[in-house]
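Asker: for reference, the sequence and a predicted model appear below.
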Amino acid sequence: MHALIQQLIERGPVVTDGAWGTELQARGLALGSFPEAWNLSHPDRVLEVAKAYIAAGSQIILTNTFSANRLRLAEAGMADRVGEINREGVKISHKATAGRALVFASMGPTGKLLMDGSVTPEEMKSAFEEQARALADAGADALVVETMSDLAEAELAVSAARSTGLPVVACMVFDSGKDKDRTMMGATPEQTAAALTAAGADVIGANCGQGIAGFVAICKRLRAATDRPIWLKANAGLPTLVDGRAIYNATPEDFARCAADLIKLGANFVGGCCGTRPDFIRAVSQRIQ
Ligand SMILES: [Zn+2]
């Protein structure tokens, strides 16, 4: 295991951060626009979000770089700005931590499907390599491959991330099947743990897709399937749509209670995904200490 990850988990459970997109929307980001563009146009507002998570007790924060790969940015005509957007994302998060927390840089999916031939594995891997290199050059402490639905895409991203020499976290979305225990492509927690361990991920996990109560079964199964540390970021319950915006029903207290259960079941890193805000992270942090 990577020495940094070993050191972190030896000291006990680690609190990560919550959602960024909703926080940026609260600061004026238009629904449907690319949050990553704000690293260049509104770095001060991205910094505010990062600082809010540090103030809430995050020991690790991510970066506003989730969609900053060439294939996604091309949709916004920004494919030539991959390097800049990722480097600024890492700089902003580092500035917010002021040395009090680590910066794990976010790498999300390309939005393209391997299985329908709209992208080749080589194109996908080179897009992830370009992003991973920019994040590493800017000083990220680790890379987080997240919100993946296709194991084949996740494996390419892990392989690209590993080429930087940084620790790599890899997590999938379990939101499908009658028990919501499969990825969109049908992979189980056991299959994803085996594949991501074989791909060389240092930390394995799940994020997004469902509320935190559904993460209990997934946590148990991942824990039984791998000896790697486990990273979990659940949503704030189930969303209902109000005026085109998703409103989530969990309270910070509910969320923190469940997060403590996940730690008892063997999770090493806990935080939140869609709908979670700094007050969720504050509640988790207080509960764990
Ligand atoms: Zn999410």
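Answerer: Structure received. The shown structure was predicted, so the numbers you read here are calculated from the model rather than taken from an experiment.

Asker: got the CA positions of stretch 31-42 in PDB?
Answerer: Taking C-alpha atoms only, stretch 31-42 is exported to PDB below (Å, rounded to 0.1, in the frame of the first residue of the first chain):
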ATOM      1  CA  LEU A  31     -27.600  24.700 -13.900                       C
ATOM      2  CA  GLY A  32     -26.200  22.600 -16.700                       C
ATOM      3  CA  SER A  33     -23.000  24.600 -17.200                       C
ATOM      4  CA  PHE A  34     -19.500  23.100 -16.600                       C
ATOM      5  CA  PRO A  35     -18.400  23.900 -13.000                       C
ATOM      6  CA  GLU A  36     -14.800  23.300 -13.900                       C
ATOM      7  CA  ALA A  37     -14.700  26.400 -16.200                       C
ATOM      8  CA  TRP A  38     -15.100  28.400 -12.900                       C
ATOM      9  CA  ASN A  39     -11.500  27.400 -11.900                       C
ATOM     10  CA  LEU A  40     -10.500  30.000 -14.600                       C
ATOM     11  CA  SER A  41     -13.400  32.500 -14.500                       C
ATOM     12  CA  HIS A  42     -14.400  32.500 -10.800                       C
END
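
Asker: give me the mean pLDDT for that stretch.
Answerer: For stretch 31-42, mean pLDDT is 95.

Asker: buried ones in it?
Answerer: Neighbour counts using 16 or more other C-beta atoms under 10 Å place 34-39, 42 of stretch 31-42 among the buried residues. Heads up, the C-betas are built off the backbone N, CA and C, glycines and all.

Asker: and these, which of them are in helices?
Answerer: Using DSSP state H, the members of the buried residues of stretch 31-42 that fall within helices are 38-39.

Asker: closest one to the ion out of the buried residues of stretch 31-42, please.
Answerer: residue 35 (12.7 Å; C-beta to the ion).
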